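# sharing a model prediction with you, sequence too.
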Amino acid sequence: MTLIKYNKDKRLPSLFESFLDDNRVFDIFPDFIGTNHMNKGFPAINHKETGKSYEIEIAAPGLSREDFNVSLEDGLLTVSSETESEKNESEDGYTYRGFNYSSFSRSFTLPENADGENISAKYESGILKLELPKLKIAEKSPKMIDVL
């Protein structure tokens, strides 16, 4: 059952208007247009904040730890990877030649209380895990000022 939005003109919307209004156009061909297509080639990322650190997990199966470049410059943490492979096979008169190239780059602005000097990175089971410890900032007690 489809609910139809109230229309002041008291007419039913045309099929074309309701089609575009509900943004269903992007659900029909997710491999060609829409958000599913836009996210291909970029790994999924989870991030969370704990009491002592910030944690970032990047899903990148099929890579090795040598494929990653992690850098920090002016408070911007950048994680990138670039891989390429070539496969040549010849059998029974048939020749197969395949190329594969993939890359991604993601950047994160570090919070002010992140300790950029002690970032750790570990690649395990297809997931790159980054841990950014928090700086220990001394809590300032309020100072009372006398009014003269």
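Alright, I've got the coordinates.
# for the chain, name the helix or strand with the lowest mean pLDDT.
Ranking every helix and strand in the chain by mean pLDDT, DSSP states H and E puts helix 35-38 at the bottom, with a mean of 42.
# straight-line length of stretch 127-141, end to end?
In terms of CA to CA, to the nearest Å, the two terminal residues of stretch 127-141 are separated by 42 Å.
# chain center to that stretch, what's the gap?
The gap between the average C-alpha position of stretch 127-141 and the chain average comes to 21 Å, counting by CA atoms, centre = their mean, to the nearest Å.
# and the spatially most central residue of the chain, what does it touch?
Among the residues of the chain, the one closest to the centroid is Ile45, at 4.4 Å (CA atoms, centre = their mean). For Ile45, the contacting residues are Ile56, Glu57, Ile58, Ala59, Arg106, by CB atoms under 8 Å, 6 or more residues apart in numbering. (C-beta placed from N, C-alpha, C; glycine too.)
# out of those, who's nearest Lys134?
Nearest to Lys134, judged by CB to CB, of the contacts of Ile45 is Ile56 at 13.7 Å.
# for the contacts of Ile45, which one is nearest Pro133?
Proximity to Pro133 was ranked across the contacts of Ile45 by CB to CB; first place goes to Ile56, at 12.7 Å.
# for the closest one, give the beta-bridge partners.
Counting by DSSP bridges, Ile56 forms beta bridges with His47, Leu130.
# in this structure, which spans are strands?
Assignment of strands within the chain using DSSP state E yields the ranges 45-49, 53-59, 68-73, 76-91, 94-109, 120-124, 127-133.
# could you dump those strands to TSV with mean pLDDT and distance to Lys140?
Formatted as TSV, the entries for the strands of the chain read as follows, by pLDDT from 0 to 100; distance: least, CB to CB, whole Å:
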stretch	mean pLDDT	distance to Lys140
strand 45-49	92	22
strand 53-59	94	22
strand 68-73	94	27
strand 76-91	86	28
strand 94-109	84	25
strand 120-124	94	29
strand 127-133	95	21
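# nearest to Pro142, out of the ones you listed?
The minimum distance between Pro142 and those falls on strand 45-49, with 25.9 Å, by CB to CB.
# report the distance from that closest one to the chain centre.
The answer for strand 45-49 is 10 Å, by CA atoms, centre = their mean.
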